[in-house]
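Student: Model the structure of this input:
(one chain, ligands or ions: 1)
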Amino acid sequence: MNKRLAEILLKEWAWLVLSMLLVAGTAHAQTAMINVQSRNATSLNGEWNVILDPTGIGEWRQIWQEKKPLLKTDFVEYAFEGSPRLKVPGDFNSQMCELTYFEGVVWYKKEFSYSPDKNKRLFIHFSAVNYLADVYLNGEKLGSHEGGFTPFQFEVTKKIKPGTNALIVKVDNKRLKNGLPGLGYDWLNYGGITRDVNLIETGNTYIEDYSIQRRKGSQKEVLGWVKLNGADKQKRIKIKIPELKVELSVKSDSKGVARLQFSSSFNLWSPAYPKLYKVVIETETDTVEDEIGFRTIEVKGNKVMLNGKEIFLKGTNIHEENPVKGARAFSKEDAILLLGQAKQLGCNLVRLAHYPHNENMVKQAERMGLMVWSELPVYQHIEFSDTAVLSKMDLMLKEMVRRDRNRCSVVIWSLSNETYDATPNRTKALAALTQVCRQLDSTRLVTHVTNSQAYHNNSFKVWDSLYRYADLISLNEYIGWYIPWQGKPENVTWNVAFPDKPVFISEFGGEALFGNNSGAADEAASWREEYQQQIYINQLRMFNTTPNLCGVAPWLLFDYRSLGRMHPIYQKGYNRKGLLSEKGDRKKAWFIMEKYYKRK
Ligand code: GCU
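Tutor: All right, here's what the predicted structure looks like:
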C-alpha cells in the first residue's frame, strides 16, 4: 500500500473515532447570555452557502467534514463552494421556490476569520433556528438545539482557530410527533436560520444574566440579581440608572450571583407613557447597557391591574410573518410594520401567537407602548406522556423567560394553546410547568389558552382543569364562524368555571377575502367581508354582557400563510381571518374593531 494511501486511511479512521466520540458526547447548546445588542458582537448575518438535503443523506456523507478529492481518482459528491446561497437571518421557504413547502434538511455554511486573544472568551450565538440545529465548527460538532423560537449559544473559546474558521449548521424543520409544536399546526412551517447569528467576545468573566424589575405590588422598590459567568466569580458589581441618580454597588458570591434591592421614584411604563430608563451594569471586566421600563402587572379579584390601576386589554393576535413578503418576520422594520398596525387598530396589547417572537417585536412593543403576551408553542396535539416533551417544554420555558425577563412590555406568559383536558398527563405536566414559570418569574401573569367549551341553547359553558393554575381564564371561541349563533349574542348566558377570575377572549373572528363581492353576503361559504363584519358586530354585543371580561384579542391582525387552508379561490394557502389582507387592506370588520377599542 503506498504511503499516500496509508495517510488517507489513517485520517479517515481518525475521523471515524473522533466522530464516534463526539456523537457519544454530543453537547446540548448552552442557554444563551441575554442582551446581545449590548455585547461585543460581530454579526455573521449575510449570505451563507447552502446544500439542500431533502433525503437526509448529508449525515451519512458527513458533510461537516467538507472532504476534498486528494488523488486523481477521488471524487466527492457535495461541496459548499459553488452552492446556492441563502440570506441569514431568514426562512428558507420564501427564498427559493424549490423550498416553498420544504420540510427537511438544509446545510448552511459561513466562513469567518478571527484572531484569538487569551484574555477573551468567544461564543457563537443563534437568536433562533427552526427547528433542529446541529452546529459544527471546523469539522467538529459543537452540539445541538431543538426549538424554533428561542436563542442558544456555544462557547468556542478553545475551539476557534486563528484565521479562517468554517461554521456549518444542519437545519431540519421536519415536524416531530414529540416536537413543540407537534405534527399539526395552523401556520406555515418556516424553516432555516430565521434570526440573527453573532460571534460574541467577552472577558474571562462576563455578565451572563440579570433581572432588574419592580417588586410585585410595590410602587417604588426594585428587586433583582446579576449573574456572572467565569472563573473570577466574586466581583464588585455596579448598577446605575443615571436619569434617577441611582448607583448601587453589590458583590457577587462564590456562584457569581449578586442580589440587589433599591427604591426610587420612577415614571412608570404604560402603553400611554412607554418610559424606558438606561440601566448600566458593570464590573471591572464587563459592562452591559439595557433600556428597562418599570411597571407592575397583577390580578386583583376579577380585574387586571397595570401599575395598580384596572386596565382593559385591547389586544390583537399576530403571527411572526411579514405579510407583504410572505416570510418569517425577524427585523426591526418587520416589527414596526406589524406593531404599527396594532396601534392603528387601537390596541394596547399584542398576543404573539403561538411561539416566542423575535426580540425586535418585544423591544419595539416597549417603545411603541404595547403590552406583550408571549407564548410557548405547546399547541393542540402534544405528547405530554413523552418525558422528552416535558424536558423540552421546561427548556423552552427557561429560554423564553430568560431572554425577555427584563422586558417590561411582556406582561403575560402563556404556556399552552388549545391542548386537551383529556390528553393523558396534560394537566399534570402543564400544572408543573406553571409552577416552574412562577419560580422563574413571579412578576408576570401566567395563563393557558383553552377551547374547552359547550355552547347550547345560547348558554356558554367554559371549563378546564388548567384554570385552577392560571391568573386569567383565556378562551378561544368562534361563535358565528365555526359554530352558528343560537340566540341573541347579548343574551348568551355564561357559565365559567372559577367565576372569580378575569376572563380574556384570546381568539374570536372568522374568514373573509378582502374585496370579494361574489356569493351571498349572509353565507359563510362566500368568504364575504360582510359576513366577517357581522361576526364582529355580534361578538362585541356578546362582550357587553360577558362576566369578568378583562380583555379581548381578535384572531387576527393580518391574513397569513397556512397550508391547511386550501380553498382554491378564497384561501390559496392563507388563513383569511385577518382584519387586514396580507397587503394591508382593511376589511369591513377592521372598522368595527377599531371603533370598539376607541370607545373602550
Ligand atoms: C385556533 C388556533 C389558531 C387557529 C385558529 C383558526 O383557535 O388557536 O392557531 O389559526 O383557531 O382556526 O383559524
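Student: OK, contacts around Thr55?
Tutor: Neighbouring residues of Thr55 by C-beta atoms under 8 Å, 6 or more residues apart in numbering: Gly104. Glycine gets a C-beta too; all of them are placed from N, C-alpha and C.
Student: so it, which of the three states?
Tutor: When classified by DSSP: H, G, I helix; E, B strand; the rest coil, Thr55 comes out as coil.
Student: Over to Ile237?
Tutor: Looking at Ile237 with three-state DSSP, the answer is strand.
Student: Contact partners for it?
Tutor: 207, 226, 228, 249-252, 258, 281-283.
Student: Return the member of the residues you listed nearest to Phe92.
Tutor: Ile207 (34.2 Å; C-beta to C-beta).
Student: ok so, going back, write the PyMOL selection for whichever of the contacts of Ile237 are buried.
Tutor: A single PyMOL command is used to select the members of the contacts of Ile237 judged buried by 16 or more other C-beta atoms under 10 Å:
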select buried, resi 207+226+228+250+252+258+281+282+283
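Student: could you dump the contacts of Ile237 to JSON lines with pLDDT?
Tutor: Below are the contacts of Ile237 laid out as JSON lines (pLDDT from 0 to 100):
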{"residue": "Ile207", "pLDDT": "97"}
{"residue": "Val226", "pLDDT": "98"}
{"residue": "Leu228", "pLDDT": "97"}
{"residue": "Ser249", "pLDDT": "96"}
{"residue": "Val250", "pLDDT": "96"}
{"residue": "Lys251", "pLDDT": "96"}
{"residue": "Ser252", "pLDDT": "96"}
{"residue": "Ala258", "pLDDT": "97"}
{"residue": "Ile281", "pLDDT": "98"}
{"residue": "Glu282", "pLDDT": "97"}
{"residue": "Thr283", "pLDDT": "95"}
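Student: any idea which of the contacts of Ile237 is closest to Gly179?
Tutor: Ile207 (33.0 Å).
Student: and that closest one, what element?
Tutor: strand 206-214 (DSSP states H and E).
Student: In the stretch 451-600 of the chain, what residue lies closest to the ligand?
Tutor: Using C-beta to the nearest ligand atom, the single residue of the stretch 451-600 of the chain nearest to the ligand is Asn476, 4.1 Å away.
Student: let me fix that: the stretch 1-150 of the chain
Tutor: For the stretch 1-150 of the chain, C-beta to the nearest ligand atom, closest residue to the ligand: Phe149, 14.7 Å.
Student: Report the spatially nearest residue to that residue, omitting neighbours in sequence.
Tutor: Tyr355 (4.1 Å; C-beta to C-beta, 6 or more residues apart in numbering).
Student: Check Ala133 too.
Tutor: Using C-beta to C-beta, 6+ apart and skipping the chain neighbours, the partner closest in space to Ala133 is His145 (4.7 Å).
Student: Can you report phi and psi for Glu366?
Tutor: phi -60, psi -40 (degrees, to the nearest 10).
Student: Now do it: how many residues are near it, please.
Tutor: Here the number of neighbours of Glu366 (other C-beta atoms under 10 Å) works out to 21.
Student: ok, now how distant is Thr316 from the ligand?
Tutor: Per C-beta to the nearest ligand atom, to the nearest Å, Thr316 is found 13 Å from the ligand.
Student: re earlier: okay, now the sheet partners of the strand holding Ile207, with direction.
Tutor: Its sheet considered, strand 206-214 pairs with strand 221-229 (antiparallel) by DSSP bridges.
Student: Please list the outside residues in contact with the partner strand.
Tutor: The contact list for strand 221-229 (C-beta under 8 Å, 6+ apart) reads 33, 205-215, 235, 237, 239, 250, 252, 256-264, 281, 283, 294.
Student: Could you do stretch 154-164 as well?
Tutor: By C-beta under 8 Å, 6+ apart, stretch 154-164 touches 27, 29-30, 111-116, 120-124, 135, 137-138, 140, 142-143.
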